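Participant: when you get a sec, could you give me coordinates for this:
(one chain, ligands or ions: 1)
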Amino acid sequence: MEQLTKEQFIKTFKAQLHTDYLVDNNEATAEEHFRTLGKLIKQYVMSDWLRRRDEIVKEQKKTAYYFSIEFLPGKMLQTNLLNLGIYDLVAEALADINVDINVLVEAERDMALGNGGLGRLASCFMDSLPTIGAPGFGNGIRYKYGLFKQRIVNGYQVELPDAWLPSEGSVWETKKPHSAVDVKIYGSVYLAPQEDGALKPIYENVKTLHAVPYDVIQIGFNNGVVNNLRLWDVELPEKYELDYQTLADRRRVEDITSFLYPDDSSRDGQAMRLIQEYFMVSAGLQTIVASYAKMHLPMAKIHEKVAVHINDTHPAMAVPELMRILMDDYGVKWDDAWATTCKVMSYTNHTVLSEALEKWDTGLFKEIVPRIHQIVGEIDRKFVKEWAGKVDTGIIDRTRIVQNNQIHMANLAIIGGHSVNGVAKLHTELLIEDVLKEFYVLFPEKFNNKTNGIAQRRWSQIANPGMSALLDDLIGKGWRSNIHELSKLEALLTESDVQSSFYQVKQANKQKLADYVKKTLDIDLPIDAIFDVQVKRLHAYKRQLLNVMHIIKLYQDLKADPGLEMTPRVFIFGAKAAPGYHFAKSVIKIINELANLVNYDTSLNDKLKVVFLENYNVSLAELIVPAADVSEQISTAGKEASGTSNMKFMMNGALTLATLDGANIEIKDAVGEDNIVIFGMDKDAVYAHYDKHDYNSRAIYDSDPIIKRVVDAFIDGTIPNTHYEGHEIWDALISYNDEYFLLEDFTDYAEKQAYISALYQDKNSWQAKVIKNIANSGRFSSDDTIEGYAKDIWGII
Ligand code: GPU
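Facilitator: Sure thing, here's the model as predicted:
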């Protein structure tokens, strides 16, 4: 890539505006500026991109394909400029022609083809793979509508479609019609014996979908490597137009790539979802196998050149689909196909929640993917046969793929792959000891841990320029390319001028967030208050409600004694609830009404503010995370597989208030007990309740007057306009025995919150802990995480 100069850039930028929009620079809209810059970036990396592609083909590099039904990149402009090392140059050049780069940044729409942590992790990996120079590509769906846009109306969540994709397409993608493939669904299939004894599948009445790939550039940091994320769109194949004669038929086809399903971690078995899964898996694998075939190497050795990763179970049909392609399209025999398939495939589990373990009704499966259904049946049969007599039949019954007319996708992914990993140490332990323990008996060698990580450049250099500049001053710029250099801060923890510099940065970030809150909600936030943040999907196990209970307690304390000394607090929430998740929506309503109650009560003297920020997404996280003093990671121990926002907050100098769950444990190990605030039951205490069936929330409620007072606030009219929701919540906590143990953990939580309030008063001590957290955050880099995958699981570096 040639060295770019400011003058050159300005010239091409203006010329491109003329070519594409027939406008002069000073009359162009922000959107036109943004698209023009995006286009120039793509042109700028084109030679690297092509070189990368040729090099992988020429050197026959083993390549990993990360199959995921979700990717959640957010905006890409800043990351791309930063990774190319031209951020400052472009910003200055634009400023020279009176264009503010921040306006362009705003003009980009968030690409939200994911729900939350799982999709965001996939995108962190897309950033890290080229950064470590690994040949690793994404494979997913190009949804026309991303995760719904959340509006709050009268305190309630309203969902609006997220039409993120402009009609001209995304600036970061390249449509590749010549790489399109056909995907067949429905119909029936029978096996016709051939002369050589082989069975040839004969299809009847199938419907053919045309899968067209769009490749999105993924630029490595400062290394000239460009990989891509391949997203599939569906088109009506002209050749098969008779398959779709009515408009309704055609719309159903278009729907396949229209919507991301917004139900996070649990889902209902809809045909459309199954079609989506097969569509991306089949299209992806067909092209992968076809490009392997061009190497003229034996098909039965495809595992030597190809690794396919199954991100959660949604792409688990990759196992039978690869079998199908190898056998039906390339004539490989079952045993050879099976042996290589198992070596190609690997799987990540992201949750222990049983409602999230994906299962499909065999009837539906057979109807939509009849050949895959056959192959799955055969895999299942052979699995049972292989283990019969070797292990307890109960184990076989519970680990096989087909059970009670349901296809268990996790079982398929585990049996058909060579690696199963959890996403944090505790999570992997729980898989081994509990959730997947019977698989561990069969395949102990498959299990391994890969603790999640974050794309640290986005969560430091991009999201927090103030902190970044300070770090440059204190420890030099080396940390920007080697995040582990943050540990140099260890020597500066107690230096008071360093402490006050970090404090200044934090206050400036808080002011920026406060300005946003003023603009969007017209609420004034005092920035000398503790900014206490919980942002994540709304889910019972994540316990936003525990946070709410504590706010209610503070409110009650202040009402009882208006003179009460209390460190002022601003509680900030951001959370989307799955549209069908009633309880979660009630919690949102409660938070909003509680906010109305406390924010306008002048008797509280600004000691307590509650803010619910609507439409939490990646871009909003980039504003919120750097402004947090306290990071709430308060899930019931054992339930949060890892968490990743916990890592982002830590890197931005928030103290973590946490249960011993997911990666919180590893954060504690990194910073030491004194630099994190831990409360509540650990996983063993939670499991002891499960074993003994001895949890009784009503007994706690009856015996603890403070808890009783807090819980009753849901139904005694304390929080206006929440009659219905308040009763629902009260019932969940008391009548239905508080599934996530909020009551048991409440007292310790409130005490640790009081400790935090006191600690914040001691600025030196607080800041030392802040710096300690930043200093040790480097270990949560997704560059390191992906290196683990690349070496241990995929064998590509
Ligand atoms: N996660 Br399963 C999701 O975001 N969505 C899901 O459907 C499932 C899991 C999350 C986990 O809840 C979170 O703990 C983890 O950090 C993240 O995946 C990435 O592994």
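Participant: and what about H33, helix, strand or coil?
Facilitator: Under DSSP: H, G, I helix; E, B strand; the rest coil, H33 falls in the helix class.
Participant: sketch out the low-pLDDT regions of the stretch 601-750 of the chain for me.
Facilitator: Under the criterion pLDDT under 70, no range of the stretch 601-750 of the chain is flagged.
Participant: cool, and the stretch 351-500 of the chain?
Facilitator: Residues of the stretch 351-500 of the chain that meet the cut-off, pLDDT under 70, do not exist.
Participant: go with 90
Facilitator: Counting by pLDDT under 90, the stretch 351-500 of the chain contains low-confidence ranges at 354-357.
Participant: how about the helices in it?
Facilitator: With DSSP state H, counting those that start in this stretch as the criterion, the stretch 351-500 of the chain has helices at 362-368, 370-387, 393-399, 409-415, 425-430, 437-442, 456-457, 465-475, 496-521.
Participant: can you give me the buried ones in the first one?
Facilitator: Using 16 or more other Cβ atoms under 10 Å as the test for burial, helix 362-368 gives 362, 365-368. Where you see a C-beta, it was placed from the backbone N, CA and C, and this is true even at glycine.
Participant: likewise the fifth one?
Facilitator: For helix 425-430, the buried set under the neighbour-count rule, 16+ other Cβ under 10 Å, comprises 425-428, 430.
Participant: which bits of this protein sit near the ligand?
Facilitator: Residues of the chain lying close to the ligand (Cβ under 6 Å from any ligand atom) are 115-118, 121, 264-265, 312, 350-351, 356, 423, 452, 640-644, 662.
Participant: list only buried entries from those residues.
Facilitator: Buried among the residues of the chain next to the ligand by 16+ other Cβ under 10 Å: 115-118, 121, 264-265, 312, 350-351, 356, 423, 452, 640-644, 662.
Participant: mind checking which of those residues are in strands?
Facilitator: Residues of these located in strands (DSSP state E): none.
Participant: re the thing from before, quick check, nearest of the buried residues of helix 362-368 to the ligand?
Facilitator: Distance to the ligand across those (Cβ to the nearest ligand atom) is lowest for F365, with 20.4 Å.
Participant: from L199, how far out is that closest one?
Facilitator: Separation of F365 from L199 (Cβ to Cβ, to the nearest Å) stands at 20 Å.
Participant: same question, R230
Facilitator: R230 is 32 Å from L199, by Cβ to Cβ.
Participant: between the buried residues of helix 425-430, which is closest to M126?
Facilitator: H427 (22.1 Å; Cβ to Cβ).
Participant: the closest one contacts G662, correct?
Facilitator: Yes. If you go by Cβ atoms under 8 Å, H427 and G662 touch, sitting 6.3 Å apart.
Participant: what is in contact with those two at once?
Facilitator: 641-642 (Cβ atoms under 8 Å, 6 or more residues apart in numbering).
Participant: circling back: got a markdown table for the buried residues of helix 362-368, with distance to V289 too?
Facilitator: As requested, these are exported to a markdown table (distance: Cβ to Cβ, whole Å):
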| residue | distance to V289 |
| --- | --- |
| T362 | 27 |
| F365 | 22 |
| K366 | 24 |
| E367 | 26 |
| I368 | 22 |
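Participant: which member of these is positioned nearest W338?
Facilitator: Distances from W338 to the buried residues of helix 362-368, taken by Cβ to Cβ, are shortest for F365, at 19.8 Å.
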